[in-house]
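Asker: heads up, no residue letters with this:
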């Protein structure tokens, strides 16, 4: 008689973990920390029409493309979601996401509330949504200034937009207040572990239980 597989080897469908926040709340830092600590999740690489920031690598951070190329991809149904943010376009290529889900691989998304809404319409059962909040408005402003990636005008624009972005927090499954990066990371890891164990995602359970009960 064949032995049931250990529970860790039970096949499952992949999931899409979305982290959204107002700019400066820490989602990029938390995304990188999760990727470094968990080999079973990979970053979804979005396409964007904005110019690369210092240190960003094409194909790793984003696929940097022209607005014409973006429009072609969008109109052909090649994007699961897309949005315009501060005059630039961002989108998620469809093919690599669908392939990852079918193969039981998890993907991490660093996208805003607009993209999250579209993903929820396209593949809701595979989606896990986390919203990251800053501890205070003052801390949010300080983080934007400290990272020194934007001009003072852009910082002011991002702060003005933050209230609208934060208003979408009830649309998410989980909300984390990023007082401390390590604590926030632990919470995100716990969420991911629990979501991987959801019965509906563990498609190999039927076979496991069948084998388990053969001798009863």
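Answerer: Done, it's in. Predicted model only: the values in this text are computed from it and were never measured. Numbers count the residues shown, from 1 in each chain.

Asker: pLDDT below threshold where in the chain?
Answerer: Applying pLDDT under 70 to the chain flags residues 1-8, 145-152.

Asker: Residue 37: neighbour count?
Answerer: For residue 37, the tally of surrounding residues (other Cβ atoms under 10 Å) stands at 11. Quick note: C-beta positions are derived from backbone N, CA and C, even for glycine.

Asker: was I right about it contacting residue 192?
Answerer: No - if you go by Cβ atoms under 8 Å, residue 37 and residue 192 don't touch, sitting 10.2 Å apart.

Asker: Work out for me the element the residue nearest the centre of the chain sits within.
Answerer: Geometric centre of the chain, nearest residue: residue 109, 2.1 Å, by Cα atoms, centre = their mean. Counting by DSSP states H and E, the element that carries residue 109 is strand 106-110.

Asker: right, and the helix or strand after that strand?
Answerer: helix 113-123.

Asker: thinking again about what came up before, between the strand holding residue 109 and helix 113-123, what angle do the directions make?
Answerer: Counting by axes from the mean of the first three to the mean of the last three Cα atoms, to 10 degrees, strand 106-110 lies at 150 degrees to helix 113-123.

Asker: before we move on, back to that, how about the residue nearest to the centre of the chain: what's its closest non-neighbour residue?
Answerer: residue 18 (4.5 Å; Cβ to Cβ, 6 or more residues apart in numbering).

Asker: Between strand 106-110 and whichever strand or helix holds that neighbour, find me the angle.
Answerer: According to DSSP H and E, residue 18 maps onto strand 16-20. Strand 16-20 runs at 20 degrees relative to strand 106-110, counting by the same axes, to 10 degrees.

Asker: Go ahead and name everything in contact with strand 16-20.
Answerer: For strand 16-20, contacts defined as Cβ atoms under 8 Å, 6 or more residues apart in numbering pick out 27, 30-31, 41, 44, 97, 101, 106-113, 115-116, 119, 123, 126-132, 165, 168, 172, 188, 192, 195.

Asker: cool, and stretch 73-82?
Answerer: Stretch 73-82 has contacts (Cβ under 8 Å, 6+ apart) with 47, 65, 70, 89-95, 97, 111, 114-119, 122-123.
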